[in-house]
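# sequence? don't have it. structure:
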DNA sequence: CTTCGACATATCGCCAGTCTATATATTGAC
DNA sequence: GTCAATATATAGACTGGCGATATGTCGAAG
């Protein structure tokens, strides 16, 4: 069976999405989760068990950095983009668009097969 | 390190791409590989070790069906879409475009952050 | 005639990454 | 006092893509 809450499309795009949302300002995990869900019109539901390891990885790769806020009882770990992360984001955004265009072209053929060049 | 020949974007889109190419007519694996590479302007290099298992899976799920051509010494296994596969393709194409639009919107924010609604 | 590179399919084992489930703790509402 | 929402984290299972490897045909070059 396949299932999985989202529909597998963004399997390779989660990094990009997370970096994008963080580009809008510092966030802690739970908040990022909410905002991503909102921003995607409910399409993307980043699971906690996916997100936290992902954030840890992004941090270990130094695309983002974190700071605990322990001033309240509810411990929150705030993440922000590093400079490297910001560059990474623009880089990846460019790449992603190439691939998206490429798939779009592929799909266009399906819908509207080339009418054989005169 | 990340590496991987393509850039991980299409991790979840390979099914879609293969079905798309097959929508253009029957192909055997090797040919499909070439055509996909061409059609993508060299962007997508579907590896043999990825493709054959993928084709087997798609066949077991009955989105495609195969026939050996053994009339020549070079054995070729021709694949074509089933009716279900064709439906699957249009279905997935629709879904993919939703997700692509969603990411595009996310990226647009990055490039052009909302100027605070008057 | 042999050898080399392109053609053609297949499988195995590795590994990265996602999900489910689970754990833990705080807080506000009822 | 209990429950749901907030908040983070990890372990284990599973999937899927990739590199390596195997097997064999075929045509061209030498």
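Sure thing, it's come through. In this text the structure is predicted, and so the values were computed from the model without any measurement.
# For the rest of this, base every contact and every neighbour count on C-alpha atoms.
OK.
# Do any residues in the longest helix belonging to chain A lie close to chain B?
When chain A is parsed with DSSP state H, its longest helix is helix A:83-111. Yes: applying C-alpha under 8 Å from any C-alpha of the partner chain, one finds helix A:83-111 in contact with chain B at A:93, A:96, A:99-100, A:102-103, A:106-107, A:109-110.
# Dump those residues to TSV, plus neighbour count, pLDDT and distance to residue A:62.
What follows is the residues of helix A:83-111 next to chain B, written out as TSV (neighbours: other C-alpha atoms under 10 Å in any protein chain shown; pLDDT from 0 to 100; distance: C-alpha to C-alpha, whole Å):
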residue	neighbour count	pLDDT	distance to residue A:62
A:93	23	95	18
A:96	23	94	21
A:99	18	93	25
A:100	19	94	26
A:102	18	94	30
A:103	25	94	30
A:106	23	94	35
A:107	24	94	36
A:109	16	82	40
A:110	20	82	41
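# which one of those residues sits closest to DNA strand D?
Distances from DNA strand D to the residues of helix A:83-111 next to chain B, taken as C-alpha to the nearest atom of the strand, are shortest for residue A:99 (13.3 Å).
# Contact partners for the closest one?
Counting by C-alpha atoms under 8 Å, 6 or more residues apart in numbering or on different chains, residue A:99 touches B:9-10, B:43.
# ok so, going back, give me the subset of the residues of helix A:83-111 next to chain B that also touch DNA strand C.
The residues of these that also fall near DNA strand C, by C-alpha under 7 Å from any atom of the strand, amount to none at all.
# From those residues, pick the one nearest DNA strand C.
Top of the list for closeness to DNA strand C, among the residues of helix A:83-111 next to chain B and by C-alpha to the nearest atom of the strand, is residue A:96 at 14.1 Å.
# near DNA strand C, which residues of chain A show up?
In this structure, chain A approaches DNA strand C at residues A:3-6, A:8, A:11-15, A:46-50, A:53-54, A:72-74, judged by C-alpha under 7 Å from any atom of the strand.
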